[in-house]
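# take a look and give me a structure for this.
(2 chains)
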Protein chains: 2
Amino acid sequence: MTPEVRDKVRAAAEELSYAVSRNASGLVTGRTCRVAVVVPSLRPWYFASVVSGLGHALHEAGLDMLVHQVGHLEDWIHTLPLRHNSDALVAVALELTEEQCAHAADMAGPVVLVGERLPGRASVHIDDHAGTAGATRHLLNLGHARIAYIGSRTDGGMSLSSTARLNGYHEAMTEAGLEPWTVTKSPGPGCGELAVGELLSHQSPPTAVLAESDNVALGAHRALRRSGVPVPGAISLMGFDDHDVSSALDLTTVDQAPQTLGRVTGHLVADLVQGRRPSDTCVELPVQIVPRQSTAAPRKRRTSP
Amino acid sequence: MTPEVRDKVRAAAEELSYAVSRNASGLVTGRTCRVAVVVPSLRPWYFASVVSGLGHALHEAGLDMLVHQVGHLEDWIHTLPLRHNSDALVAVALELTEEQCAHAADMAGPVVLVGERLPGRASVHIDDHAGTAGATRHLLNLGHARIAYIGSRTDGGMSLSSTARLNGYHEAMTEAGLEPWTVTKSPGPGCGELAVGELLSHQSPPTAVLAESDNVALGAHRALRRSGVPVPGAISLMGFDDHDVSSALDLTTVDQAPQTLGRVTGHLVADLVQGRRPSDTCVELPVQIVPRQSTAAPRKRRTSP
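Numbering: from 1, shown residues only, chains lettered A, B, ... in the order given. Okay, the predicted model is just below:
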């Protein structure tokens, strides 16, 4: 079809309010032209950004997006879109077992994981380990040696990405011949604040703090501000995510570009659903350190001649 | 059905991976059990929060949620879910004309507007006018008289909610016998920063600034911080939204509870789709002033005996 013909068809279709019932056409093709997205919540910035990028890419490919929020992983299976209601399923930041993935694939078609990975399953994720290792080396290169790390840990343990980020920090500290110094608290609004409380009660507090995420760094930033500890004058602070807020706070961080993560996932899903062979079904995207004003060389180093 | 029987049926259904094809059942009932949500983007915190609340309420009512993002209002009609693909349409923060609403209702069933309103159409919104009037009076009561307002305006003019917020500020200033002082800039990341640049170049800068939204306030906060102007020491700053970041920045603001807005909308949509008569189809939700540390009495007042 030439572009001219395509434009004419489109104009005619618009004039007639041309409408396709995907229910009816789906019974013929066996396809619904819908992709189901399962995500813990749309509220946090990271999840909303991933799903936003995903939605744009699916829309370009002519696929609609069903969004399901699951508060707890145990509810996941009940929230699962039922058979024949979608052509594929995208699980955002959910740590699924192989058994759960197999069940989902049986119910909903191809399954793609975002932000997590599982051997043999399609996934799009970042290299969390390399991200925190690079962030730690960034602080080491500024001259810091007393670098503390704030992580989150629930009663059930650490998530895969939290573990990978912690390990990246450990590796870079060990490489530099330094002792890792880790503080872990329950995830949530108080995580960074409580960790700073602990760090500031130490005989000799750190000169730099790397937080597992920007959300944790925000809490730490608030606690430092309220305690009258200048950032980066007394303590350098670095986050991970490049949350929208980080630039407002001038927070140095690691950009993991969640919207790109979503967009790449959308292209992969469209390939799988529309019968194209994707070049790679396990995609690892690079991260990028974003230096801002919350990190600087440690004070002693700058004042001594 | 007794609870015991319901549990048994549920257990059996789970064991058999019981699955309903909504495509097939929709052909019998004429219902799709899906609601289409059209939103400018899922990325900004406000939109993501509304859609999150909406998704939870729809899920409770047994309805799935299709999410469509429209970058520009002109694309809206092309993005519209096609006939018989959903039982209702929710338009989040889109300024639709009556003609567009009628077209949407013809294509997609009942239409509910969120964050905007149109005579005769179902909507859920806040009272923007009362919100900024209250915020302005809050600053007046602290002793401020030189209160500037930062609004956003595109080449095409001001949005309805921007206009309502500006009018609320104007009303409260006029009531107090004071001259309104309004600065408007293009919406976007630079809005608050550029406005502060203009305000700080005035012969006698304001002692308090009310921003149309927290996003605008964040830019203003950054510009003030970089200029070395203490908040609230020299200038009190107040936003509107209660963005997640506002508490991290200790920003005084007006909470408009977008997740509640979404949840209330979800219940209204479920009533309309499932044939219940909602008590009210034009719902106005209250706002709440959240005092934090970015506002205080003006300096002169505090230092003079």
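# point out where the stretch 151-300 of chain A drops to low pLDDT.
For the stretch 151-300 of chain A, applying pLDDT under 70 flags the ranges A:300.
# which bits of it sit near chain B?
Remark: the part of the stretch 151-300 of chain A in contact with chain B comprises A:Leu218, A:Gly219, A:His221, A:Arg222, A:Asp244, A:Val245, A:Ala248, A:Leu249, A:Asp250, A:Gln259, using C-beta under 8 Å from any C-beta of the partner chain. Backbone N, C-alpha and C define where each C-beta goes, glycine included.
# what are the phi and psi angles of the residue lying closest to the fourth one once chain neighbours are set aside?
Counting by C-beta to C-beta, 6 or more residues apart in numbering or on different chains, the nearest residue to A:Arg222 once its immediate chain neighbours are dropped is B:Ala248, at 5.7 Å. Dihedral angles phi and psi of B:Ala248 (degrees, to the nearest 10) take the values phi -60, psi -30.
# and chain A, what are its domains?
Recorded structural domains for chain A (assignment: automatic domain parsing) are A:26-126+A:258-287, A:128-255+A:290-297.
# ok now the shortest one, how far from the chain's centre?
A distance of 14 Å separates the C-alpha centroid of domain A:26-126+A:258-287 from that of its chain, computed with C-alpha atoms, centre = their mean, to the nearest Å.
# how about the helices in chain A?
Using DSSP state H, the helices of chain A run over A:3-15, A:22-29, A:45-60, A:76-79, A:98-108, A:128-141, A:160-175, A:191-200, A:214-226, A:244-248, A:258-273, A:299-303.
# is it possible to get CSV of those that adds mean neighbour count?
CSV is the format used below for the helices of chain A (neighbours: other C-beta atoms under 10 Å in any protein chain shown):
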stretch, mean neighbour count
helix A:3-15, 10
helix A:22-29, 16
helix A:45-60, 24
helix A:76-79, 14
helix A:98-108, 16
helix A:128-141, 21
helix A:160-175, 19
helix A:191-200, 21
helix A:214-226, 23
helix A:244-248, 21
helix A:258-273, 23
helix A:299-303, 11
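# got a list of what A:Pro189 touches?
A:Gly219 (C-beta atoms under 8 Å, 6 or more residues apart in numbering or on different chains).
# and for A:Gly109?
A:Ser86, A:Asp87, A:Ala88, A:Leu89, A:Val273.
# just the pLDDT for it.
Per-residue confidence (pLDDT) for A:Gly109: 86.
# that one and B:Cys33, how far apart?
19 Å (C-beta to C-beta, to the nearest Å).
# closest to chain B out of the contacts of A:Gly109?
When the contacts of A:Gly109 are ranked by distance to chain B (C-beta to the nearest C-beta), A:Ser86 comes first, at 9.3 Å.
# ok, now which ones touch that closest one?
By C-beta under 8 Å, 6+ apart, the neighbours of A:Ser86 are A:Thr32, A:Arg34, A:Val35, A:Ala36, A:Leu66, A:Ala108, A:Gly109.
# hey, what's the fifth one bridged with?
Note on A:Leu66: beta-bridge partners by DSSP bridges are A:Ala36, B:Leu66.
# was I right to think it contacts B:His59?
No - applying C-beta atoms under 8 Å, one finds A:Leu66 not in contact with B:His59, separated by 11.1 Å.
# list residues touching both of those two?
Common contact partners of A:Leu66 and B:His59 (C-beta under 8 Å, 6+ apart): B:Met65.
# for chain B, see how far away the residue nearest to A:Thr253 when sequence neighbours are not counted is.
Sequence neighbours aside, A:Gly239 is the residue nearest to A:Thr253 in space, at 4.1 Å (criterion: C-beta to C-beta, 6+ apart). Separation of A:Gly239 from chain B (C-beta to the nearest C-beta, to the nearest Å) stands at 12 Å.
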